[in-house]
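Visitor: okay, sequence plus prediction incoming.
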2 protein chains.
Amino acid sequence: MTTTRLYRPTHRDAFELLESAFEDERLLTMFGLCEVQYEGRASSTLAPGQRLVIYKPDGTALVHTGENHEPVNWQPPGSTHNASVRDGQLRIRSTRSNPTEQLDVMFERVETISAYAVTDRSDLKLTGSEEDLRQWILDQPEVIEEGFDPIATERQTTAGPIDIFGTDNAGHPVVIELKRRRVGPSAASQLQRYVEAITAELSDTSTRGILVAPSITDRTASLLNKWDFEYCSVDIE
Amino acid sequence: MTTTRLYRPTHRDAFELLESAFEDERLLTMFGLCEVQYEGRASSTLAPGQRLVIYKPDGTALVHTGENHEPVNWQPPGSTHNASVRDGQLRIRSTRSNPTEQLDVMFERVETISAYAVTDRSDLKLTGSEEDLRQWILDQPEVIEEGFDPIATERQTTAGPIDIFGTDNAGHPVVIELKRRRVGPSAASQLQRYVEAITAELSDTSTRGILVAPSITDRTASLLNKWDFEYCSVDIE
DNA sequence: TTTTGAATGTCGTTG
DNA sequence: CAACGACGTTCAAAA
């Protein structure tokens, strides 16, 4: 019995299915009229409405409305779910610790509830990440500039790891901060922290900082200019 | 007819329901054996497996496995969905522009498909955000320090808006950067950009920078120290 | 439409 | 476990 579905079940019947599905680590979906309360890093209440609620075998809880990518409420993986029937309501409480958080979904009416056995160990193959951009540059460092010589990736400094560290034609140290998309001021600041750290470490004030991204905002360009950093437009097409 | 559900439908029957549900702007959930391809800002492929797929009236598409908060694949709101049957597969293609992106979900077998009419206009009441923390400080500015006088929130500078701008006992300008949780180096850099901008604008080198957060990392403390900024521990309990 | 920064961010990697 | 930064980040507000 891989799939179990109930249509407009009594709270008692829904409760039974919830209990067994939590036990068997099945994926649960519910749709119905519910209100939601959350207490943890923040607090929230959501008045009664029709929503899709999902409970995953790993402890994740998701409350989705008819809009947006993000769930309106949720509980992260590692939470434990517990169902109960009281005051004519079906309550599912998801709790976790560190930080202590609690999500309560109170169903007034359950339209449907379904439990599925999930067997899926295939993982996503994704290309186009910053990691791919880095490899692409390492394969052809001349896209940065003629004579650029990559020495290390993830080069550690007191400020954190430098995406690509190398030297230029003149042998001066070069710090490269990579971004896969158009960037704002924070990327320039990040580069600034790394350049400052490596300048101090090497006692070499000739250290150059280069921000590599498909494009940058005006304010970011101003920051780079102020700090005498450079921008190199690179887009992995 | 608010809810429609099919169990192990033929691709043709699933297709019919998809078409009508997209038309009526109903919320769709599907569970079954599918593979997924995405092309857009990045590219990805996901080998066949059992997944929960959701299509929302606003154009959102979500592909969930049995693990994690985040969908393994998705399409943002504003996308348009289109179903077709070909080569013994049921394909649902979600497309959008700016940026151009495409998500294909190919079902080999559909275990269940359900369509729901969602009517939910109640919105989330959330407390504990940075906005709340700011109001809490404005109500009792002495938690920053005796004599602190808030002048403006979201005070504009060439570097962006300052969370709280004010003056201290001595009449010196004070720039406050607020964070609702433990912060890392980026928050210190953010404060640095604002202080630099306001110092230049006012030609007042006595400008103070204060990072307000429940706690900070060691590296962040070092950065604050280097720039002669201060840290004020504030936790809205 | 673009920019900017918050987020109950989540997630992976590393020390 | 904390820390740090990427993310197809998403999202909302403001310019």
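Guide: Arrived safely.

Visitor: which residues in chain A form strands?
Guide: Along chain A, the segments classed as strands by DSSP state E run A:3-7, A:27-39, A:43-55, A:61-64, A:73-75, A:80-86, A:89-96, A:101-116, A:125-127, A:149-157, A:160-167, A:173-178, A:208-213, A:230-233.

Visitor: what pairs with the last one, and is each one parallel or antiparallel?
Guide: Using DSSP bridges, strand A:230-233 pairs in its sheet with strand A:208-213 (parallel).

Visitor: so chain A: which segments form each domain?
Guide: Each structural domain of chain A that the record assigns through automatic domain parsing is listed here as a residue range: A:3-116, A:130-233.

Visitor: just tell me which of the strands of chain A ends up closest to B:Leu138.
Guide: Taking C-beta to C-beta as the measure, the strands of chain A were each checked against B:Leu138, and strand A:43-55 came out nearest at 20.1 Å. C-betas here are computed from N, CA, C, even on glycine.

Visitor: about what we covered before: adding distance to B:Glu16 and mean neighbour count, write the domains of chain A out as TSV.
Guide: Shown next, in TSV, are the domains of chain A (distance: least, C-beta to C-beta, whole Å; neighbours: other C-beta atoms under 10 Å in any protein chain shown):
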stretch	distance to B:Glu16	mean neighbour count
domain A:3-116	19	18
domain A:130-233	40	17
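
Visitor: okay if I get those as TSV plus mean pLDDT and distance to B:Leu6?
Guide: TSV is the format used below for the domains of chain A (pLDDT from 0 to 100; distance: least, C-beta to C-beta, whole Å):
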stretch	mean pLDDT	distance to B:Leu6
domain A:3-116	97	10
domain A:130-233	97	40
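
Visitor: quick revisit: redo the strands of chain A as CSV? Include distance to B:Thr153.
Guide: Conversion of the strands of chain A to CSV gives the following (distance: least, C-beta to C-beta, whole Å):
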stretch, distance to B:Thr153
strand A:3-7, 51
strand A:27-39, 26
strand A:43-55, 22
strand A:61-64, 32
strand A:73-75, 28
strand A:80-86, 40
strand A:89-96, 34
strand A:101-116, 29
strand A:125-127, 40
strand A:149-157, 35
strand A:160-167, 31
strand A:173-178, 31
strand A:208-213, 31
strand A:230-233, 32
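
Visitor: re earlier: distance to B:Ile162 for the domains of chain A - can I get that in CSV?
Guide: CSV is the format used below for the domains of chain A (distance: least, C-beta to C-beta, whole Å):
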stretch, distance to B:Ile162
domain A:3-116, 23
domain A:130-233, 14
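
Visitor: setting aside sequence neighbours, what's the nearest residue to A:Glu154?
Guide: What sits nearest to A:Glu154 in space, not counting adjacent residues and going by C-beta to C-beta, 6 or more residues apart in numbering or on different chains, is A:Pro161, at 4.4 Å.

Visitor: now that neighbour: how far from A:Phe148?
Guide: Computed with C-beta to C-beta, to the nearest Å, the distance linking A:Pro161 and A:Phe148 is 19 Å.

Visitor: of the strands of chain A, which is nearest B:Ala47?
Guide: Nearest of those to B:Ala47, taken as C-beta to C-beta: strand A:125-127 at 8.2 Å.

Visitor: tell me if that closest one is near DNA strand C.
Guide: No: Strand A:125-127 stays out of contact with DNA strand C when judged by C-beta under 7 Å from any atom of the strand, the minimum separation being 10.7 Å.

Visitor: report all helices and strands that that strand contacts.
Guide: With contacts taken as 3 or more C-beta pairs under 8 Å, 6 or more residues apart in numbering or on different chains; DSSP states H and E, strand A:125-127 sits against strand B:43-55.
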